[in-house]
Structure formats: C-alpha cells, structure tokens
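Q: Any chance you could fold what I've pasted below:
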Amino acid sequence: MQKLDNSGSFNWRSLIYVILFFCYFSCSLQLYIVLSGHANFIGLRDSIIYSMIWLVPVLFFPRYTKKIATVYGIIIGGLSLISIGYFTIYRQEFSQSVFFVMAESNYNESHEFISQYLSIKLVIVLLIYILLGFFLWLKVKPIYVKNMTKWLVSIFIVVYALMPLCIGVVIKKMSFAQATQHLQERMETTVPWQLINSYLAYRSQLSNMENILNHLQTLPKFENLTDANGDTPRTLVLVIGESTTRNRMGIYGYERNTTPLIEQFKQDNPDFVVFNDVVSSRPYTIEILQQALTLADEQNPDLYLSKPSLIHLMKQAGYKTFWITNQQTMTKRNTMLTMFSKQADEQFYMNNDRNQSSRQYDSSVFEPFKKVLHDPAEKKFIVIHLLGTHMKYELRYPQSTDYQRFNNRSDLAFKLDDDKLKVYNSYDNAITYNDFVTTKLFNLFKDSQENGFMLYFSDHGEDVYQTPPHDILGRNEKAPTKVMYTVPFMLWQSPKWLASHPDNYQSYVNRKFSTQDLIHTWSDLAGLSYKSYAPEKSIVNPKFEQSIRWIGDPHDKKGLSDFDKLTK
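A: Presented below is the predicted three-dimensional model:
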C-alpha cells in the first residue's frame, strides 16, 4: 500500500510540482514566446487550461500518480520535442502549414534540412529541456484530497476547458461544428492536440484547396494571346503588400518621415513611378486578390471561379512562375492565397507560424528572391507576398532603435490618449520597416541587372486612428473611411526595359485607378494582349478611361458605394 505522502495529509508542495510537471511540456514554450515578445499571452493561457486536464486522473487515482506521470512524460514530452525543436530552428510555432510544407518537400530537401539544422545549439536546447522535465518528474508525488475537493476541482477544470464550446453554441449561436472547431483552435497550443489539430486542419484545408485547383484546371485559356516582347529574356516582379495605407507614408505627403529609403530611391532613380491616386476595391486581402489577380471586379465578383488568373496568363505566355510569401500558408482563411500560390511553378513558404500575431519579419523573402533571380529561365514571373503592416503592428518590425523611431507625440496635429498613441506609433514604425523591405526588394532587382520591371502595391489600407474623431482602428467595409482603401502603387523599370518600352508613365501618376483592374495594367506593362484585355482599364494606357471606383461587398445588394464620394 502506497504511503500517504509521508504524513497522509494534503501537501501544497506536491500539488505545485504536479501542476508544473503537467504544464511544462506545453507551457514552457508559450511562456518563452510571451516573455520574448514573439506573440501575446493567449497561447500561454490556453496551454495552461488544457494542460490542467491531466490533473483530473491524478486527483482520482493518487496511487497511480507516478505511472501516469511517466506515461505522460514519455508520450507528451516526446511529442513536445517536435514543437520545441521547430521553434528553436525557425522561431515559429508548429502549425498545419508545417504539414503542408513537409508534404511538399522531397527526400533531398529533407536530408538537406537535417544536415543544416542539426546543430549543437539545437542539441543543447533539447537536452536542457529534457533534463528540466526529468527533474520535475522526480518531484512528482501523489496528491491526497477529500472526495468533495477532487470532484469540485475536476468539474471546474473540465467546465472551464469546455467553456469556448458552450459560449459558441449558447451565446454566439454557432453551430456545434463551428463551436467544436473554435474549441480545437483554442487547444492548438497544447501537446498532443497541437499536432493532432494541426494535422486534421491541414487535411481539411488541403482537401478544399485540391478541389479548387482541380476546378481551375478545367478553366479555358486566354483567347488570342499575343506577346509584344516575343522571346526576349526578361524578369517581371509583382510585390503585394499588406494593410499599408499610403496616407501614412512620407513619400505620399504624410507629415512623419516614415519612408526615407524609398524617397531616396526615387531621387536616385528619376524613372521610378509613384502613382498618387490608387485605391483598393475591398479592405480584405482574400477578397481584393480575387479581383486584382483575375478578371473579376466589383461588378463581376465571381469571375475568379470561371476565368483564368494572372498566374495562368503568365504561364500561358511562356513564363516560369514563382510565388514567395511571408503570409500564413494553410489556414482556413488563407486557403485561397495558397491556391493562388500553387498555380505557380515554384513556391517558397516562409511563414508557417501557428499564429498570425507573431514576429515573422518580411526580410525572410530576401534570400528566396535572390535565389529566384538567378534561376536560368529566360522568362520569369515572380510574385512576392509580404506580411507588411498587418496587425499586430508592433510585431511587424525588429525591436531595434532603427525601427522604433516613433514613440511620442511628435508631428501629431491631434490628440490621442496613451493607449491609442502607442498603437498609432507602432503602425508608423511598421510602415518604416516596410519601407526598408520594399526598398531592399527594388534594389535587389535593380542590382541583378535583369531586363524587366517591378510593381509594388498594397492589398488594402488600414485606418489606425487617423480619421477624425480618431477612434477607428482597422477596417470595416460596412463603415468605410478613405484610409482603408488608399494604397501605394509604385513601378520601377530597368534601363534595358525602358530602352524598348514607353517612358511616359510619369504623366499618368494622378490618374484615379482601382486595383480591381490590376490584371489589365499588368498585361499592358508586360506587352500582353488577349480577347478579354481592356486597355481602358489600364492606368498606363493612353486609352485609359476614368470610371466609378466601386468599393464594398459586391454580394450585398446595397453593398457598393463610390469611393470618391466618401466624406471621410
């Protein structure tokens, strides 16, 4: 018969060590993530909640505490090494996107991965992690409490763990399936649910994406396609920003100096074209790219399902296509983005983090961009999709003085309380880092001496306490403000390209344009013509015709409005 904790009475020290042991394999990583500023505390909160479930069997079967802890340590502790190792290497949390990338990798890539990242640092981190877990296991002892106490504590733990499900069904009126999915998302930070949920989510999103891709393969090609550039070697680059409004960029007249690098680039390159009046038709990434990268628009929003995309166009024109992204890869929301990327010949997925609200800097796209620029293909089309200035803004830039230059009320013509000021400044700092990233990309392309051009625009803007009375944060097309739609739109053409192409675009910089018609402008720039190409929709075409710039939800009968008639 096992002794009752020496004294046969309840022991606080035993309880603390048991809790620490069962929380250790999920909470230690989440604690580090919070303390390092990589992400917020929500993951730590959830990992504590769902780790505490293991306390229930220990309370009811104290005689088997050590055996339960041993099995838990071997299985759960062993599985946690995957997420610890992955974070040590990539500074990202394990997610469904990792399964996607693993599935896309071949044997040689896997072997190269192991050879490159099996380092002394990784071994030391894992060894220390294992030893700390073993130390806590040695301290695990039975916990003896009264029957009433064990029932009350167990019921509290279970109810609290299932609360997201109950709130979803009862209060938020979700379906049971939706509420269950929300519960699974809350459990993602906890081993083994982290791996199980990530795999299940990966399989679900992969199935959705495969259905879309199979459908796209049946779409007709562009009719009567001609290429004015023939077989001339060239590289064309499209850079897509995220949540960046031009109203907060110094190069567009913003009072703060948030874009010193791109302004210098413009001074050094007189042919650099900065368009001054471009807007997005939707304030959401997926919805605008469904239009910008296809023939769909606000009047015909579903054409992306029945007509080929910009990637299809470039492949049909003989280009080798590449997609480099720092956006999340395989989430329910981002499946459409992955669908666009999978249409390309080669993909580089740089952001496999579980949480969008984490530190994953856009500088990660530099190396794959350099690699692609050296690809021997004579005709290359490269898409680079940035995370840009996406919420949370303070996570979009390194914590160095170079990118934290705005931390007070300087140059503000209106008053903000301290909490709003902090967010306002962090967005300007994110704009500054985005200035570094985009300018670096322009310079990398320029230094490569490739024949071609690079076009940069942001998917949509963001209102960060800018519109009076300075109380709006984010974007909402049900309550639109101009700042949510105004985007940067910049073009650089190489000297080789300019030698044989129009050089009068500076006279077009004040044209009113919507990125819903991007495919027509891109076709014009690339010298491509086809049956559905409309020169009057191209901002760089002499035949351009100003039309109403519709914004809003096209699936809502009363959802569309004229951007130029917005009063704020």
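Q: Would you confirm that residue 286 contacts residue 337?
A: Yes - using C-beta atoms under 8 Å, residue 286 is in contact with residue 337, at 6.8 Å. Where C-beta positions appear, they are placed from N, C-alpha and C, glycine not excepted.
Q: Comparing those two, which shows the higher neighbour count?
A: Set side by side, residue 286 and residue 337 show more neighbours around residue 337, with 22 against 15, by other C-beta atoms under 10 Å.
Q: Once you drop chain neighbours, what's closest to the more buried one?
A: Excluding the flanking residues, the one nearest residue 337 by C-beta to C-beta, 6 or more residues apart in numbering is residue 327, at 5.8 Å.
Q: surely the one you found meets residue 351?
A: Yes - contact criterion C-beta under 8 Å: residue 327 and residue 351 qualify, at 6.0 Å.
Q: What's the first helix or strand after the one helix or strand residue 490 maps to?
A: Residue 490 is located in strand 489-493, with elements delineated by DSSP states H and E. Going down the chain from strand 489-493, the next helix or strand is helix 495-498, by DSSP H and E.
Q: can you pull the buried residues of that following helix?
A: For helix 495-498, the neighbour count (16 or more other C-beta atoms under 10 Å) marks residue 497 as buried.
Q: Now tell me what touches it from outside.
A: With C-beta atoms under 8 Å, 6 or more residues apart in numbering as the test, helix 495-498 has contacts from 234, 271, 449, 451, 452, 453.
Q: So the third one versus residue 500, what's the distance?
A: Remark: distance between residue 449 and residue 500 (C-beta to C-beta, to the nearest Å) = 16 Å.
Q: what does the last one give?
A: In this structure, residue 453 and residue 500 are separated by 12 Å, where distance is defined by C-beta to C-beta.
Q: Then the second one?
A: To residue 500, residue 271 is 14 Å away according to C-beta to C-beta.
Q: Ok, residue 491 next?
A: As judged by C-beta to C-beta, residue 491 and residue 500 stand 16 Å apart.
Q: neighbour-wise, which of the two wins?
A: Higher neighbour count among residue 491 and residue 500: residue 491, with 20 against 11, using other C-beta under 10 Å.
Q: Pairing partners for the more buried one in the sheet, please.
A: Under DSSP bridges, the beta-bridge partners of residue 491 are residue 273, residue 455.
Q: Next up, the contacts around it.
A: Residue 491 sits next to 272, 273, 275, 453, 454, 455, 456, 505, 525 when contact means C-beta under 8 Å, 6+ apart.
Q: Can you find the helix or strand of this structure with the lowest average pLDDT?
A: Each helix and strand of the chain was given a mean pLDDT (mean pLDDT, DSSP states H and E); the minimum falls on helix 107-117 at a mean of 48.
Q: following it, which helix or strand shows up next?
A: helix 120-139.
Q: what packs against that next one?
A: Contact partners of helix 120-139 among helices and strands, from 3 or more C-beta pairs under 8 Å, 6 or more residues apart in numbering; DSSP states H and E: helix 12-35, helix 65-90.
Q: for this protein, longest helix please?
A: In the chain, assigned by DSSP state H, the helix with the most residues is helix 418-448.
Q: Summarise which helices and strands it is packed against.
A: Judged by 3+ C-beta pairs under 8 Å, 6+ apart, the packing partners of helix 418-448 are strand 234-241, helix 260-268, helix 366-373, strand 452-458, strand 463-464, strand 489-493.
Q: Looking at these, spot the one closest to residue 512.
A: Nearest of those to residue 512, taken as C-beta to C-beta: strand 489-493 at 11.5 Å.
Q: Restricting to C-alpha, output that closest one in PDB.
A: Output of strand 489-493 as PDB, limited to C-alpha atoms (Å, rounded to 0.1, in the frame of the first residue of the first chain):
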ATOM      1  CA  PHE A 489       1.300  51.800 -56.200                       C
ATOM      2  CA  MET A 490       4.900  52.100 -57.400                       C
ATOM      3  CA  LEU A 491       6.700  51.000 -60.600                       C
ATOM      4  CA  TRP A 492      10.400  50.600 -61.400                       C
ATOM      5  CA  GLN A 493      11.600  49.600 -64.900                       C
END
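Q: and residue 447, how many neighbours?
A: 10.
Q: If you could redo that for residue 465, that was the one I meant.
A: When neighbours are counted by other C-beta under 10 Å, residue 465 registers 20.
Q: Please apply the same query to the one 4 residues further on.
A: Number of residues near residue 469 (other C-beta under 10 Å) recorded here: 8.
Q: again, but for the one 5 residues further on
A: Residue 474 sits with 11 neighbouring residues when counted by other C-beta under 10 Å.
Q: Same check on the one 5 residues further on?
A: Applying other C-beta under 10 Å, we find 9 residues neighbouring residue 479.
Q: Who are the contact partners of the spatially closest residue to it that is not a sequence neighbour?
A: For residue 479, ignoring the flanking residues on the chain, the nearest one in space by C-beta to C-beta, 6+ apart is residue 472 at 7.8 Å. The neighbours of residue 472, taking C-beta under 8 Å, 6+ apart as the test, are 463, 465, 466, 479, 481.
Q: Among these, which one sits closest to residue 411?
A: Residue 411 has its nearest neighbour among the contacts of residue 472 in residue 466, at 13.0 Å by C-beta to C-beta.
Q: Can you tell me how far the residue lying closest to residue 453 once chain neighbours are set aside is from residue 446?
A: Distance criterion C-beta to C-beta, 6+ apart; nearest residue to residue 453, sequence neighbours excluded, is residue 493 at 4.3 Å. Plainly put, residue 493 is 10 Å away from residue 446 if you go by C-beta to C-beta.
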